[in-house]
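Asks: below are the sequence and a predicted model for it; my questions follow.
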Amino acid sequence: MSLLDILKLVGFATGAALHSYLAWLLGLRRGGRTGERALFALGLSLAAWHFGNFTGTIYGLLGIGGALWWLRLSDTVAYVALALLPPLLAHAHFRLWELLDADAPRRFFAPLILLGYAPAVILPWVVRELWREPYLAPIDRLDPLLLPFILWFVLIFAECAAIDLWLARRIDAIRERRFFRMFGVSLASIAALFLLTYVLGGRHWGIIGSYLDTIARLSSLVPTAIIAYYIYRYRYLELVIRQSLVYAVFAAIVMMIYIYGIRRFSLALEARTSLRSEVVEALLILGLMFLAGPLRRFTEHHLQRLFVREVGLYREIVAQVGAKAVSYSELAYFVRFAEERISESLALTDVRLIACAGAEGREAELCRYAEAGQWTQIEDAVWLDRVKALACYALWREGRVVGLLVIGGDQAELTVEKREVLSVLSGHLAVAIENCQLLEDKAKLERKLATRERLAALGQMAATVAHEIKNPLSSIKSIAQVMREDEAVSHEYGRDLDLITGEIDRLTRSVSQLLSFSRPAVVAETESKLSDIVSGVVSLARAELDARQTCLAIDLRADPQIDGETAAGLKEILSNLVHNAAQAVKTGGCVRIESEMTPDGRLRVAVIDDGPGIPSSLQDKVFEPFFTTRQRGTGLGLAIVARRLAEIGGSIKLTSPLADNRGIRFELLIPIRPGG
């Protein structure tokens, strides 16, 4: 048996098996689209073509003198399938183009598909010619049709190659672009091979021509192998090759052992001895059966070694990520660990793990883009360029994107194997990020509850102390005022009595703040206009403002009716803010109160002063209880503001400095309840 015979036998057998299997996979998909049905028919035609050539090769190798019906039947199956191959290939390509390209010229597809099937009308004549006496090889029997058929064949293959290369330019996904580019190049190469072999006469070039003819007939294995690889590697077309690669390789090894070993050895013994080759073959095949088990294990062991490093690396990274996610209670520390571990294990120079909850700018936009498009791997070149990435994986958890795994650096570092590890790892990272966020939220909640418990205890103590202090202070102030009315005492101790009265007023105000902080706001009985609330606050603060020669400007562009609960809280809020502003400005300074309605129906109130402002380093702390920058302050004014705003559902924004590195603006956003 020559090498050419072995190539035919193994090649056609592989082609028949591979195409039958792929057609079977496509046939399992119920309710497939027209394009998928065309692919299914294309797989069947290729399987029939290779099967017909395989049975014809078996006929020649067995050297059977009669039974020409076998050879005629093989030729009929093969060449009828070959005649249907070009139109089915074009049909499948037009349907894929229609599916993947929104700008495809769909109105031309149906006529072009029908035109492709037109030459098939001569198939009855072809079948009759193949069965006509005497028997001739199909390529000789159908010689008048050879040139037009090959030109038609080449034209359709070139057309399909052009469609593939066009789709490779139109599709955003990198993996699909690579697939269509490879597939288009393979179809163009097959077209060129057929031109060389059958139009330019390459099949007549002696032994080289015989090989060219065989390779041309086996050439469909190349694009099919590309499809099989993408199905095996990436679940392409949502299909999975389930059969073990081990058994496929094992079967090929056994076949080669038989062809090169057992068959040749038996023939050599028959030539030198009187032993019949059939007996030797039977004995050797029996021995091969005993060796099949060890040989299969040997094959499996060496094939698995190809994947051990990748799988081991994947397991190690997943195990470490899962373990560390539980031990880190703060997301930032886990993100730093995961980036370092992935970078070290996969030899990647640029690994970024982004939590969408805290993302800003382009990263936040990318999180929204991935979630809106339901992307698991972002392959849009524009977005990858924006974040300077080679690959970007969206980390999905319960229907939402919780993070992004962004890989940058050198293109050579990111191999196909590393991409697959990262793709699988992204699911575990999503779980880990969510676990860290839950632990972080739990820790924050525990700290918040502990703070509330501490403040509640402090508030109770403050209320008790304030209550005990307030009555003695009232008595002391009454005594000081009576003594001030005595002219003799007032003449000698008037200044001291005024100082005592002032300090008592200051202590009374501090005690009132303690009591206000320790209890909820008092609910007003009636609704109030904003202007009435501001007037009441200004009346209380007028004496202090006049004493400091502070001007007060009021600009109420909105004056809504406010319900009693909100009015009570707002009055206390404005009292504290105006009091703080009056104390902050220098003599001759100014305090301003403004109001307006927001587009969403909320009330915006601003209290502005031109005092020294608050440094940015302290702005996060000013609403904490007992935090103060003044020597004799209680640190409760802004804490009361924050608490009352929380009670009425409002919010506050602090801006400082405003101009000339001075000034501060407290902006309140307060919901106005219906009917208020």
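Replies: Here it is on my side, so go on.
Asks: give me the buried positions along the host helix or strand of residue 212.
Replies: Using DSSP states H and E, residue 212 maps to helix 206-218. For helix 206-218, a neighbour-count test (16 or more other Cβ atoms under 10 Å) marks 210-214, 216-218 as buried. Yep, even glycine has a C-beta here, placed from its N, CA and C like the rest.
Asks: how about the helices in the stretch 401-550 of the chain?
Replies: Listed in chain order, the helices of the stretch 401-550 of the chain (DSSP state H, counting those that start in this stretch) span 416-485, 487-518, 530-547.
Asks: relative to residue 92, which of those helices is closest?
Replies: The stretch from the helices of the stretch 401-550 of the chain with the least distance to residue 92 (Cβ to Cβ) is helix 416-485; that distance is 26.1 Å.
Asks: so how far is the closest one from its chain's centroid?
Replies: Mean-position distance between helix 416-485 and its chain equals 36 Å (Cα atoms, centre = their mean, to the nearest Å).
Asks: for it, which helices and strands make contact with it?
Replies: If contacts are counted by 3 or more Cβ pairs under 8 Å, 6 or more residues apart in numbering; DSSP states H and E, helix 416-485 sits against helix 277-327, helix 331-346, strand 350-355, strand 391-397, strand 400-408, helix 487-518.
Asks: who are the packing partners of whatever helix or strand comes next after the third one?
Replies: The reference is to strand 350-355. Reading on from strand 350-355 to the C-terminus, the next helix or strand found by DSSP H and E is helix 361-373. Counting contacts by 3+ Cβ pairs under 8 Å, 6+ apart, helix 361-373 packs against strand 377-378, helix 381-386, strand 391-397, strand 400-408.
Asks: any chance of a markdown table for the ones you listed, columns distance to residue 569 and mean neighbour count?
Replies: Shown next, in a markdown table, are the helices and strands packed on helix 361-373 (distance: least, Cβ to Cβ, whole Å; neighbours: other Cβ atoms under 10 Å):
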| stretch | distance to residue 569 | mean neighbour count |
| --- | --- | --- |
| strand 377-378 | 47 | 20 |
| helix 381-386 | 45 | 13 |
| strand 391-397 | 39 | 22 |
| strand 400-408 | 36 | 22 |
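Asks: any chance of these in JSON lines with mean pLDDT and distance to residue 150 as columns?
Replies: Formatted as JSON lines, the helices and strands packed on helix 361-373 follow (pLDDT from 0 to 100; distance: least, Cβ to Cβ, whole Å):
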{"stretch": "strand 377-378", "mean pLDDT": "86", "distance to residue 150": "42"}
{"stretch": "helix 381-386", "mean pLDDT": "85", "distance to residue 150": "39"}
{"stretch": "strand 391-397", "mean pLDDT": "89", "distance to residue 150": "43"}
{"stretch": "strand 400-408", "mean pLDDT": "90", "distance to residue 150": "47"}
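Asks: now render these as CSV, adding distance to residue 660.
Replies: As requested, those are exported to CSV (distance: least, Cβ to Cβ, whole Å):
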stretch, distance to residue 660
strand 377-378, 47
helix 381-386, 39
strand 391-397, 46
strand 400-408, 43
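Asks: residue 473: which of the ones you listed is closest?
Replies: Minimum separation from residue 473 across the helices and strands packed on helix 361-373 (Cβ to Cβ) falls at strand 400-408, 56.3 Å.
Asks: and the closest one, what does it pack onto?
Replies: Using 3+ Cβ pairs under 8 Å, 6+ apart: strand 400-408 touches strand 350-355, helix 361-373, strand 391-397, helix 416-485.
Asks: partners of it, with directions?
Replies: With DSSP bridges as the test, strand 400-408 is paired with strand 350-355 (antiparallel), strand 391-397 (antiparallel).
Asks: now what about the shortest one, what contacts it?
Replies: It refers to strand 350-355. Strand 350-355 has contacts (Cβ atoms under 8 Å, 6 or more residues apart in numbering) with 331, 335, 338-339, 342-343, 363, 367, 389, 402-409, 429, 433, 437.
Asks: do the longest one as well
Replies: When contacts are defined by Cβ under 8 Å, 6+ apart, strand 391-397 is touched by residues 366-367, 370-371, 375-379, 383-384, 401-407, 414, 419, 422-423, 426-427, 429-431, 433-434.
Asks: can you redo the strands paired with strand 400-408 as CSV with distance to residue 568?
Replies: Below are the strands paired with strand 400-408 laid out as CSV (distance: least, Cβ to Cβ, whole Å):
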stretch, distance to residue 568
strand 350-355, 41
strand 391-397, 44
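Asks: of all those strands, which one is nearest residue 502?
Replies: With Cβ to Cβ, the closest approach to residue 502 among the strands paired with strand 400-408 belongs to strand 350-355: 54.3 Å.
Asks: so where is the stretch 251-400 of the chain shaky, pLDDT-wise?
Replies: Flagging of the stretch 251-400 of the chain using pLDDT under 70 yields the residue ranges 251-329.
Asks: quick one, helices of the stretch 101-250 of the chain?
Replies: With helices called from DSSP H, counting those that start in this stretch, the stretch 101-250 of the chain shows them at 109-117, 123-130, 138-141, 143-170, 174-194, 206-218, 221-234, 245-256.
Asks: now do the buried residues in the second one.
Replies: For helix 123-130, burial by neighbour count (16+ other Cβ under 10 Å) applies to 126-127, 129-130.
Asks: the inter-axis angle of that helix versus helix 143-170?
Replies: 130 degrees (axes from the mean of the first three to the mean of the last three Cα atoms, to 10 degrees).
Asks: what is helix 123-130 packed up against?
Replies: Packing partners of helix 123-130 (3+ Cβ pairs under 8 Å, 6+ apart): helix 68-100, helix 138-141.
Asks: of all these, which one comes closest to residue 172?
Replies: Nearest to residue 172 among the helices and strands packed on helix 123-130 is helix 68-100 (10.5 Å), distances taken as Cβ to Cβ.
Asks: pLDDT of that closest one, averaged?
Replies: Helix 68-100 carries an average pLDDT of 88.
Asks: let me see the residues that make contact with stretch 552-563.
Replies: Contact with stretch 552-563 is made by 527-531, 533-534, 538, 541, 545, 570, 590-597, 603-604, 672-673, 675-676, as judged by Cβ under 8 Å, 6+ apart.
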